[in-house]
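Student: sequence and predicted structure are below.
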Amino acid sequence: MTLSNLVLSIAVSVGILILVFELVRRKKLNEEYSWLWIVTAVFLFLVSLFPPVLFWFTKLIGAALPISALFFLAVMFLLLIVLHFSTVISKLTNNQKTLAQKVAILEQKLNGNKLNK
Amino acid sequence: MQEKILVIIPAYNEASGIVGVINGIKKVMPNADIAVIDDGSKDLTCSVCQLLNAIVLSHPFNLGDGAARQTGYLFAKYNDYDFVVQIDADGQHDTEFLPSLLEPLKNGSADIVIGSRFLGVGQYKAEFAKKIGMGVFNTLASVITKTKITDSTSGYRAVNRKVIEYYAQPQQYPANFPDADLIIQSHIAGFKIQEVPVLMSQNTKDKPLHHGLGAYYYVFKMLFSITVTLLRGKTK
């Protein structure tokens, strides 16, 4: 791994970490949705800091270059994060459905059969 | 004591067809309450049903057919109904058969009654591809529930109070296409299922989701949903 590879991966992981902390500080991102990002950034940071770990992993997955292994890891983490978001969206959809159903019933109770549209 | 019966009609842009359905129900079962679940219709469905003195539950936006049925069950649960019958808004289901759907519930021989168009009344003809699809899901449902199911896609169903309570729970009713998977889920939950013959007209306007790409999605959704239902086992 060249020095520029090292600098780039450390810069990217530190950048993600700072961005996530800043978003949470400004309350633009909830803590419960930030943990996967923090884990990803810290992991990338550690792997870039200790190249032997990365070399070992590169051999393990049969990649030609350590930087490819790093990209592979990044893609895996992104997949996990997106899957996590799909579960969050499903939860939100279910909650939205329940809310809309209760609104319909409460509205009927409130207005009876007055024409309300 | 007179049982409290609620007929629920999920409706999405059905202003034209629903008038006949509501009048038909009133004629056959004058004592039953009628609740129309307006699933975010953009036409006059809501006003038409209110003019006909039906209870109208309006979703603020479109949630899907299953969610609309579930709103009906939720309403039935809150208002202590003994039986719920669900019927389609497009006039496909003949209202004359409402009493025969309720009969097995009243005498306690079933918890869920499905109106089947393939038990000798009338001559419903499905097109070839649809026939095969229906055959597969009917067979699956029959084998798993150990009950003969001839019409798992029928939306003409009646249930008793125990099932109302069960279906009204947030996660217990599929938001889309509540067909064979729901029959299997209900069987696993311990409910007795029975079919009775009903008359259905050839679809006046067939649901677009059962055509083209939608048909493939339906088959995928149903197979996936049945598999997951079986894996999940009994849910409270």
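Tutor: Everything's here; your move.

Student: contacts only, for the residue positioned nearest the centre of chain B.
Tutor: Nearest to the mean C-alpha position of chain B, by CA atoms, centre = their mean, lies residue B:155 at 3.2 Å. Taking CB atoms under 8 Å, 6 or more residues apart in numbering or on different chains, we find residue B:155 in contact with B:86-88, B:93. (Glycine included, C-beta is placed from N, CA and C.)

Student: please report how far residue A:58 lies from residue A:15.
Tutor: 23 Å (CB to CB, to the nearest Å).

Student: these two - which one has more neighbours?
Tutor: residue A:58 (20 against 11; other CB atoms under 10 Å in any protein chain shown).

Student: quick one: the more buried one and residue A:68 touch, right?
Tutor: Yes - assessed by CB atoms under 8 Å, residue A:58 is found in contact with residue A:68 at 7.4 Å.

Student: grab the most central residue of chain A for me.
Tutor: By CA atoms, centre = their mean, the mean C-alpha position of chain A lies nearest to residue A:81, the distance being 3.7 Å.

Student: give the contact list for it.
Tutor: A:36-37, A:40.

Student: again with residue B:229
Tutor: Residues near residue B:229 by CB under 8 Å, 6+ apart: B:181, B:184-185, B:188.

Student: coming back round to it: if any of the contacts of residue B:155 are buried, put those into a PyMOL selection.
Tutor: With 16 or more other CB atoms under 10 Å in any protein chain shown as the criterion, this PyMOL line picks the buried residues out of these:
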select buried, chain B and resi 86+87+88+93
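
Student: would you turn the contacts of residue B:155 into CSV with distance to residue B:145?
Tutor: What follows is the contacts of residue B:155, written out as CSV (distance: CB to CB, whole Å):
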residue, distance to residue B:145
B:86, 19
B:87, 23
B:88, 23
B:93, 22
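
Student: now intersect the contacts of residue B:155 with the strands, please.
Tutor: Judged by DSSP state E, those include residue B:86 as members of strands.

Student: ok, of the contacts of residue B:155, which one's closest to chain A?
Tutor: The closest of the contacts of residue B:155 to chain A turns out to be residue B:86 (CB to the nearest CB; 15.2 Å).

Student: is the closest one in a bridge, and if so with what?
Tutor: Beta-bridge partners of residue B:86, counted by DSSP bridges, are residue B:8, residue B:157.

Student: was I right to think it contacts residue B:163?
Tutor: No - counting by CB under 8 Å, residue B:86 does not reach residue B:163; the two are 11.2 Å apart.

Student: how about the helices of the chain, start to end?
Tutor: Looking at chain A here, since you left the chain open. A:3-25, A:35-49, A:51-61, A:66-111 (DSSP state H).

Student: my question was about chain B
Tutor: B:15-28, B:45-51, B:65-78, B:98-106, B:128-145, B:161-167, B:180-188, B:212-232.

Student: need those in a markdown table (columns: mean pLDDT and distance to residue B:120).
Tutor: Below are those laid out as a markdown table (pLDDT from 0 to 100; distance: least, CB to CB, whole Å):
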| stretch | mean pLDDT | distance to residue B:120 |
| --- | --- | --- |
| helix B:15-28 | 94 | 21 |
| helix B:45-51 | 91 | 33 |
| helix B:65-78 | 96 | 27 |
| helix B:98-106 | 95 | 13 |
| helix B:128-145 | 89 | 16 |
| helix B:161-167 | 96 | 26 |
| helix B:180-188 | 93 | 20 |
| helix B:212-232 | 87 | 26 |
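
Student: dump the residue contacts of residue B:186.
Tutor: Residues in contact with residue B:186 (CB under 8 Å, 6+ apart) are B:111-112, B:163, B:166, B:193.

Student: now the end-to-end length of stretch B:122-133.
Tutor: 21 Å (CA to CA, to the nearest Å).

Student: buried stuff in it?
Tutor: Buried, per 16+ other CB under 10 Å, within stretch B:122-133: B:124, B:126, B:130, B:133.

Student: name the helices or strands packed onto the lowest-mean-pLDDT helix or strand in chain A?
Tutor: The helix or strand of chain A with the poorest confidence is helix A:35-49; it has a mean of 87 (mean pLDDT, DSSP states H and E). Packing partners of helix A:35-49 (3 or more CB pairs under 8 Å, 6 or more residues apart in numbering or on different chains; DSSP states H and E): helix A:3-25, helix A:51-61, helix A:66-111.

Student: burial measure for residue B:228, as a count.
Tutor: Neighbour count for residue B:228, taken as other CB under 10 Å: 11.

Student: meant to ask about residue B:221
Tutor: By other CB under 10 Å, 16 other residues sit near residue B:221.
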